[in-house]
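[1] Build me a structure from this.
(2 chains)
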Amino acid sequence: MNDLIIYNTLTRKKEQFIPINYPHVGLYVCGPTVYGDPHLGHARPAITFDILYRYLQHLGYKVRYVRNITDVGHLENDADEGEDKISKKARLEQMEPMEIAQYYTFRYHDSMRLLNVKNPGIEPRASGHIIEQINMIEEILKNGYGYEVNGSVYFDVEKYNKKYNYGKLSGRILEDLIANTRDLDGQDEKKNSFDFALWKKASPGHIMRWPSPWSEGFPGWHLECSAMSTKYLGEEFDIHGGGMDLQFPHHECEIAQSTAANGKESVKYWVHNNMITINGQKMGKSLGNFINLEEFFTGSHKLLEKSYSPMTVRFFIMQAHYRSTVDFSNEALQSAEKGMARLITATETLNKLKPSDKSTVNINELKDKCYQAMNDDMNTPILISHLFDGVRIINSIDAGTESISGSDLDLLKKIYNDFVFEILGLTSEQAKGNNLAFSGVVDLMLNLRMEAKARKDFRTSDKIRNELQALGIIVKDKKDGFDWEYNG
RNA sequence: GGUCGGUUGGCCGAGUGGCUAGGCAUCGGUCUGCAAAACCGGGUACGGCGGUUCGAAUCCGCCAUCGACCUCCA
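    Numbers count the residues shown, from 1 in each chain, chains lettered A, B, ... in the order given. Here you go, the predicted model:
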């Protein structure tokens, strides 16, 4: 249980995972900003940290998993006058801001359910924690690391950096930031361009606004995560996750805020997943390769040759290490789809295996390798490669070229149940067996085919096979019978 | 321009100073009435140039190339 190693962005090293309050683990992950449909970029962190959550639980930790919903928009860089993303969308569609946020929150939940991503224990909304954010700003002001200008409050990075180290997470040095500053609009209120907003006074047209000691306005970007993680996980907690693109400035600012408010660092392990590319290119709206999850599941995007099931997307993401970029292409997705089908079929074959007196295969070694892979910074591709080695073992036992003892068979079943379904979170999407009448009819047809084969009536047997195949039923002959799969 | 991270065989994608990653595709074989499935086996690698080393794809340097971030974009 103490063998888990994870890569900590803060130290840029793999470190042994030791929770602050064993056996409890606090896990905070940056969730979506709900102003648009969930896309591949949302799937990657959701799945990465779903696996971490599942694995920690599997190891016996009691995990409190917090994943926020950002429904207080963030200022938009290229919008005129720093407009709130959610309120902008609201005006465009003539809806209430909260209506937009609610709609896309449901859309996000729907996609997560399809991807078999477990619900977090707490899913706090930024809009529901305005008071906590205001309190945090007051703490920061009290400690002297913030200043108010015209109803807005900014974080004093330069002062903070004199005592602490601003830039430690992303490897930035304040002097470089000063040297590289660009000219941006609306910077004149700040002492320094790299200062960031804790509270913004709302412009007259800004719909989302709350009262505060400083102005009617809205909280700054990075504050919600600091306030909500502190509220639910405490001033110090174990793991904070999110996409690599959030390292700077978002997570850097979170560190600064928490440290400035509480006087100490809040996060022990920072974990970041890498990004997704499509056909080798960054995914972006302007590049026309922006594919949302629903388009994947239905195959409706023009770059997709076919639809890809949620489990295919999940499996594909897990076949790459979470700290590597992963490139989506039709060819790669289709090979993942086939590979996963083979893995899932093997788990079904496993349940039909008959034990022998003794084993000719080493199941304990397989188990150890699986744990070693997961313990080594959640190396799911290596885990999957071991599971495929196991597939060969399962099929060989089924074919009679290897044998397995009863106790080894039980262990093998446990390994596959634990790793394939519980930890990797795959589910069988194959429809076989869902309907007793349906599978009964297929079995009946295939028994008739067996009889036809027995009397060498191959015209009839081939006709049955071909017509079943046309209906999506794949017939697999075995030595002493048959098996089949339905991909409807 | 700055910081960081990549560049692996037909495609995807791990890993390691010398010992088969794995998947998909492909080729040969076994099985089969045929096919499929399954099993066995084969081929194709480590961006370029130098250096360290008995030995580097793995360490170092330079170059090329791709990507992320660089203050309000999850």
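[2] Low-confidence ranges, chain A, go.
    A:1-2, A:73-84, A:91-94, A:176-188, A:285-288, A:430-434, A:488 (pLDDT under 70).
[3] who's sitting farthest from the centroid in it?
    Distance from the C-alpha centroid of chain A, by C-alpha atoms, centre = their mean, peaks at A:Arg455 (54.7 Å).
[4] Quickly note the distance from that residue to A:Leu448.
    Look at A:Arg455 and A:Leu448: by C-beta to C-beta, to the nearest Å, they are 11 Å apart. Heads up, the C-betas are built off the backbone N, CA and C, glycines and all.
[5] same deal with A:Ser87?
    66 Å.
[6] The two: which is more packed in?
    A:Ser87 (22 against 13; other C-beta atoms under 10 Å).
[7] looking at this, that one is in a helix?
    Yes. Counting by DSSP: H, G, I helix; E, B strand; the rest coil, A:Ser87 is part of a helix.
[8] Share the number of residues neighbouring A:Asn466, please.
    Look at A:Asn466: counted by other C-beta under 10 Å, it has 10 neighbours.
[9] Same question for the one 10 residues further on.
    Counted by other C-beta under 10 Å, the residues lying close to A:Lys476 total 10.
[10] what do you get for A:Phe458?
    12.
[11] Over to A:Glu235?
    By other C-beta under 10 Å, neighbour count at A:Glu235 equals 13.
[12] cool, and the one 4 residues further on?
    Here the count is done by other C-beta under 10 Å, and A:Ile239 has 25 residues near it.
[13] For the host helix or strand of it, name the packing helices and strands.
    Assigned by DSSP states H and E, A:Ile239 belongs to strand A:237-243. Contact analysis of strand A:237-243 by 3 or more C-beta pairs under 8 Å, 6 or more residues apart in numbering; DSSP states H and E lists strand A:24-29, helix A:40-58, strand A:267-273 as its packing neighbours.
[14] and the angle from it to helix A:40-58?
    150 degrees (axes from the mean of the first three to the mean of the last three C-alpha atoms, to 10 degrees).
[15] Follow the chain on from strand A:237-243 and name the next helix or strand.
    In N-to-C order, the element after strand A:237-243 by DSSP H and E is helix A:252-262.
[16] Just the CA coordinates for that next one, please, in PDB.
    What follows is helix A:252-262 as a C-alpha-only set of coordinates in PDB (Å, rounded to 0.1, in the frame of the first residue of the first chain):
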ATOM      1  CA  GLU A 252       1.000  28.900  -9.700                       C
ATOM      2  CA  CYS A 253      -1.500  31.500  -8.500                       C
ATOM      3  CA  GLU A 254      -3.300  29.000  -6.400                       C
ATOM      4  CA  ILE A 255      -0.100  28.300  -4.500                       C
ATOM      5  CA  ALA A 256       0.500  32.000  -4.000                       C
ATOM      6  CA  GLN A 257      -3.000  32.600  -2.800                       C
ATOM      7  CA  SER A 258      -3.100  29.700  -0.400                       C
ATOM      8  CA  THR A 259       0.300  30.500   0.900                       C
ATOM      9  CA  ALA A 260      -0.500  34.200   1.300                       C
ATOM     10  CA  ALA A 261      -3.800  33.400   3.100                       C
ATOM     11  CA  ASN A 262      -2.800  30.500   5.300                       C
END
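[17] Can you give the contact residues for that helix?
    A:136, A:139-140, A:143, A:145-146, A:155, A:157, A:160, A:164, A:166-170, A:172, A:196, A:198, A:221-223, A:225-226, A:229-230, A:235, A:240, A:265-267 (C-beta atoms under 8 Å, 6 or more residues apart in numbering).
[18] How about stretch A:54-65?
    Residues contacting stretch A:54-65 (C-beta under 8 Å, 6+ apart): A:1, A:4, A:19, A:23-27, A:29, A:49, A:53, A:118, A:120-122, A:232-233, A:374, A:378, A:418, A:422-423, A:425.
[19] Fine by me, thanks again.
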